[in-house]
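> Provided below are the primary sequence and the corresponding predicted coordinates.
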Amino acid sequence: MLARDEALAVVLSIVVALAAAAFAVLAASGAPGMRAPVQDTTPGPSCAEWTNGCVVCRRTPEGLACSTPGIACTPGAPRCLRPVGVPI
């Protein structure tokens with residue numbers, strides 16, 4: 001049988017683990033204020049694929065598709081990697 005202090009430690013550990021998991025889910029789902037808008041990094045309609053040093057975005061028939069930025073990334077000015085009409 002667990003002592004009262006041991007039981008409290010187990011319960012607190014579970015609560016902290018659940019809180020961390022909930023925060024991770026909210027951060028990954030793109031909660032408001034957690035991600036910079038994609039249109040801020042769009043260089044223009046003549047560019048099919050570009051980067052700002054943190055993410056790479058590509059125009060697709062379904063819309064924009066962008067990678068996920070790294071946790072410690074500082075975005076720079078967008079630069080075109082592939083103009084429209086140039087094959088992949």
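Good, I have the coordinates. Residues are numbered from 1 along each chain as shown.
> Could I get the phi/psi values of residue 81?
Taking degrees, to the nearest 10, you get phi -100, psi -30 for the backbone angles of residue 81.
> State the distance from it to residue 54.
14 Å (CB to CB, to the nearest Å). Where you see a C-beta, it was placed from the backbone N, CA and C, and this is true even at glycine.
> And residue 24, by the same measure?
For residue 24, the distance to residue 54 under the criterion CB to CB works out to 20 Å.
> what about the two, which has more around it?
Residue environment comparison for residue 24 versus residue 54 gives the larger neighbour count to residue 54, 17 against 10, counting by other CB atoms under 10 Å.
> what distance separates the lowest-mean-pLDDT helix or strand in the chain from the centre of its chain?
Taking mean pLDDT, DSSP states H and E as the measure, helix 4-28 is the helix or strand of the chain with the lowest mean score, a mean of 82. Offset of helix 4-28 from its chain centre (CA atoms, centre = their mean, to the nearest Å): 23 Å.
> For the very next helix or strand once past it, give the mean pLDDT please.
Following helix 4-28 in sequence order, the next helix or strand is strand 47-51 (DSSP states H and E). Per-residue pLDDT values across strand 47-51 average out to 94.
> How about residues contacting strand 47-51?
41-43, 56-59, 78-86 (CB atoms under 8 Å, 6 or more residues apart in numbering).
> Out of those residues, the closest to residue 17 would be?
Ranking those by separation from residue 17, with CB to CB as the measure, puts residue 56 on top at 33.4 Å.
> which residue packs closest to the closest one, ignoring adjacent ones?
Across the structure, with CB to CB, 6 or more residues apart in numbering as the measure, the residue nearest residue 56 apart from its sequence neighbours is residue 67 (4.9 Å).
> Tell me who's in contact with the residue lying closest to residue 53 once chain neighbours are set aside.
In space, residue 53 comes closest to residue 76 once its chain neighbours are excluded; the distance is 4.3 Å by CB to CB, 6+ apart. Contacts for residue 76 (CB under 8 Å, 6+ apart) come out as 52, 53, 54.
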